[in-house]
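Visitor: turn this into a model:
(2 chains)
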Amino acid sequence: MQTFDLSKEGLRALNSSLQALKGQTNMTAWEIINPKGAHAIAAGVDAPVEITVRGSTGYYCAGMNKQATIRIKGSAGPGVAENMMSGTVIIDGDASQYAGATGNGGLLVIKGNASSRCGISMKGIQIVVHGSIGHMSCFMAQSGSIVVLGDAGDALGDSLYEAKIFVRGKVKSLGADCIEKEMRPEHLEHLEDLLRRGEADHKAKPEEFRRYGSARKLYNFNIDNAAAY
Amino acid sequence: MSDLPHTPPKMSWTFSNDVNAEIRRAAATGIYDIRGGGSKRRLPHFDDLLFLGASISRYPLEGYREKCATDVWLGTRFAKNPIHLDIPITIAGMSFGALSGPAKEALGRGASAAGTSTTTGDGGMTEEERGHSKTLVYQYLPSRYGMNPDDLRRADAIEVVVGQGAKPGGGGMLLGQKISDRVAAMRNLPKGIDQRSACRHPDWTGPDDLEIKLLEIREITDWEKPIYVKIGGARPYYDTALAVKAGADVVVLDGMQGGTAATQDVFIENVGMPILACIPQAVKALQDLGMHRKVQLIVSGGIRTGADVAKAMALGADAVAIGTAALIALGDNDPALEAEYNKLGTTAGAYDDWHEGRDPAGITTQNPELSGRFDPVLGGRRLKNYLKVMTLEAQTIARACGKNNLHNLEPEDLCALTLEASAMSGVPLAGTNWVPGRNGSF
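Guide: Predicted coordinates:
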C-alpha cells in the first residue's frame, strides 16, 4: 500500500505519480490521506489500480478516470467522476452537483445522496445512487443507466436521449420528453446486475423500481412540439 | 391613368421585401430560419479603419528587404509547452460533423504548411485532422462530444469554449440530416437525430468554478498544454478579465461576424457585438490587470485580409483566427459551382444552408458523394497560399508603418473613417485627434 499525504506532498505530486502508473505495476494499492476537500484529486488516472481517499474531496475527484477503482471515504464535491471513461468510483458519503457528468463508461456508486444534475449529459456511464438525487438529473443524458434507490427531484431526464433511468422512490416531476416506460425482463436483469455491482443488492430488489426513458418526440425538431421545450 | 404627376409606389423601409419574405416564410413553414455563417449585416468593421503609414515623423521599412517578424508565442503564462506559430493567423474551431473529414484534413494540411495551428470543434478529434495538423488545438465544449483524456493529451493546446461570436449565450444544433454513422458514433447518439450542443458547460458555472475546471484539465495534462478560453463578443471587458482570473493562458474573442455551423438567423443577427467593438475592451481588461501580452489575445469574426490582421493586431491582439475565410479559400461558395447553387435555390456567395448537408463544394456535408468531390491536398494548398498572402499583406502594411514586427503595430498607426468606428475602436476620427465619447478637442 502506497500512502500519500496530500497535505504534505501536494496535488501535482499526487496526480503525476498516479498518472505515471501505466501498464503493469506492482504499486496497485494507494491510500490518500488528508485530502481536506482538495480539487482534482486522482484526476486523469489510467491504470487498473485501487485508490482510497480517506476523507472528503473537492471538485472533480476522479475526473476522466480510466481503469482505476477509486473509493472516497467521505463525501465528494461537484463533478466527481466527470467524463469517466472506465473503472469504478465509490463514494461512501454524499455527492455534490454534476456527479458523473458526461461520463462515457465505468461505474459510479454514491452511497449517500447526490445533488442536482447527477448524470447530466451522461454518455455511457452506469450510476447507482443509494439515496436520492436532486433536480435536473440526467439532463440531456445520452446513454448509460442510472439507478436511484431513493427519490428524484424536479425535471428528471429533461431532454433525454437514450439513457435508462430507474427510480425506486418518488419522482417529483419529469422533464421534457421523459416518460415512464414499461419494465421488461431485460431491464430487471440489468437492474439486478447494477444493484449487485453498486453494492446495493441488500438494500433493494429490481421489482421495486420504475423505469423512465425518452419519448423520442423531440429527437427531430417539429414546431408543433415547441411548447414542450 | 391621367397625365398628372402621381405618387409612385413606395416600399417601406421597415417592411422591406426581405422582411416581408421572411414573414411569409415563417407563416408557411412554422419554423424559424436556421443557417450557417455569421452576421450578414453591414457592421462597423476593420474597413472603417485606415493605417496612416510613415512619412517624416515615422520612417518606413523596406518592403521585401527589411525584416518584419510574424511569429507568435501562445500560452506562455502557465503551460510547460507553449505554442510557437510562424504566423499570427490561426484556424478557428470547426467541427467534424459540421465539416466533412476531407475538409478537416485540408484545414490541417494548409495550416501546417503555413506554420500555424488548426482547431477541432464540437464532435471530437478526428484522425484526419490530428494526423495532418502539426499544431492542433482541441476544443473543450459544453456538449463534451467525443471528449476523452487521450485526445486531451494528444492535443497541443486546449480551448475551453464558453461562447462564440455568432451566438453568445447560445448552444448549437447539428440537424439529423448530417448525422452519419461516423458522426453519430463519435457523439454517442443515434443516427439521424438532431444533436443539441448545450449552451452551458455541464459541470461548472461561473468564473470560480472555471478556475477549478482549468486546474483539473491542467492536472490531467501535466500542465503541459496552453489552455485557451474562448468567449463570444458579449461583454468582452468583464469576460476577458474573468477568463484571466480563472487562469486562462490565452483568451480567444469572437465577434458577431464569426460563423457557426447552424443557428437561428434571428440569433446570429441580433445577439453579440462586432469584433471591432470587442477588441479594445478586451485589451483594456488585459492592460488593467497588467496581463497584456502575458495572456495572449486571439480575435476572430470577419477577418478576411492581411489588412484586417494588421488592424486587429494594431488594436492589441496577439493573433487572429479565421473560419469563414478559410472555408472560402477551400472552395466554399465558389462561383464555379453556380449552377449547383441555383438548384438549391441560392447563389454562390449567399449559400449558408450548411446544416442541410447538401454543400456542392463537399465541405459542409457528410454525404460521401459530395465530400468525395473535395480534394484535401488541393484544398490544403489553397489554404496555405491564402494564409501566406494574408501574412505578406500584413507585413507590407507593418513595414509601411515602420514596424519590424507585426506585434509592434499600435493604435497610433490607425485612424477611423466613421464616428462609429472611432467610438468603438478608440482610434481618432481621420484628420482629428477626436474619439467620440472621450475627452479631447476636435
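Visitor: and chain B, which residues reach chain A?
Guide: Contacts of chain B with chain A, taken as Cβ under 8 Å from any Cβ of the partner chain, map to B:29-31, B:143-144, B:147-149, B:152, B:173, B:175-176, B:187-190, B:192-194, B:196, B:198, B:202-204, B:209, B:212-213, B:215-216, B:219-223. Yep, even glycine has a C-beta here, placed from its N, CA and C like the rest.
Visitor: pull out the buried members of those.
Guide: Neighbour-count burial within the residues of chain B next to chain A applies to B:143-144, B:147-149, B:152, B:173, B:175-176, B:187-190, B:192-194, B:196, B:198, B:202-204, B:209, B:212-213, B:215-216, B:219-223; the criterion is 16 or more other Cβ atoms under 10 Å in any protein chain shown.
Visitor: residue 11: neighbour count?
Guide: Defaulting to chain A. Counted with other Cβ atoms under 10 Å in any protein chain shown, residues neighbouring A:Leu11 total 18.
Visitor: right idea, wrong chain: chain B
Guide: 9.
Visitor: just give the nearest non-adjacent residue to it, would you?
Guide: The shortest distance from B:Met11 to any residue other than its chain neighbours is 6.9 Å, reached at B:Asn17 (Cβ to Cβ, 6 or more residues apart in numbering or on different chains).
Visitor: over to B:Thr263?
Guide: Leaving aside its chain neighbours, B:Thr263 sits nearest to B:Lys167 (4.8 Å; criterion: Cβ to Cβ, 6+ apart).
Visitor: distance-wise, check the one you found relative to chain A.
Guide: Between B:Lys167 and chain A the computed distance is 16 Å (Cβ to the nearest Cβ, to the nearest Å).
Visitor: right, and that residue touches B:Asn270 too?
Guide: No - look at B:Lys167 against B:Asn270 with Cβ atoms under 8 Å: they stay out of range, at 10.2 Å.
Visitor: closest residue of the stretch 151-300 of chain B to chain A?
Guide: Closest approach of the stretch 151-300 of chain B to chain A (Cβ to the nearest Cβ) occurs at B:Ile220, with a separation of 3.4 Å.
Visitor: wait, is B:Arg182 part of a strand?
Guide: No - remark: B:Arg182 does not belong to a strand; assigned using DSSP: H, G, I helix; E, B strand; the rest coil, it is helix.
Visitor: counting neighbours, what do you get for it?
Guide: Number of residues near B:Arg182 (other Cβ under 10 Å) recorded here: 15.
Visitor: roughly how far apart are it and B:Gly123?
Guide: Going from B:Arg182 to B:Gly123 by Cβ to Cβ, to the nearest Å gives 10 Å.
Visitor: closest residue of chain A to chain B?
Guide: Relative to chain B, the nearest point of chain A is A:Gly44 (3.4 Å; Cβ to the nearest Cβ).
Visitor: which residue is the nearest non-sequential neighbour of that residue?
Guide: Excluding its sequence neighbours, the residue lying closest to A:Gly44 (Cβ to Cβ, 6+ apart) is B:Ile220, at 3.4 Å.
Visitor: my read is that the residue nearest to B:Met11 contacts B:Ile23, right?
Guide: No - counting by Cβ under 8 Å, no contact exists between B:Asn17 and B:Ile23, whose distance comes to 10.8 Å.
Visitor: circling back to that earlier point, more neighbours: B:Lys167 and B:Asn270, which one.
Guide: Legend: neighbour count by other Cβ under 10 Å for B:Lys167 and B:Asn270, higher for B:Lys167 (23 against 11).
Visitor: what helix or strand is the more buried one on?
Guide: For B:Lys167, there is no helix or strand it lies in under DSSP states H and E.
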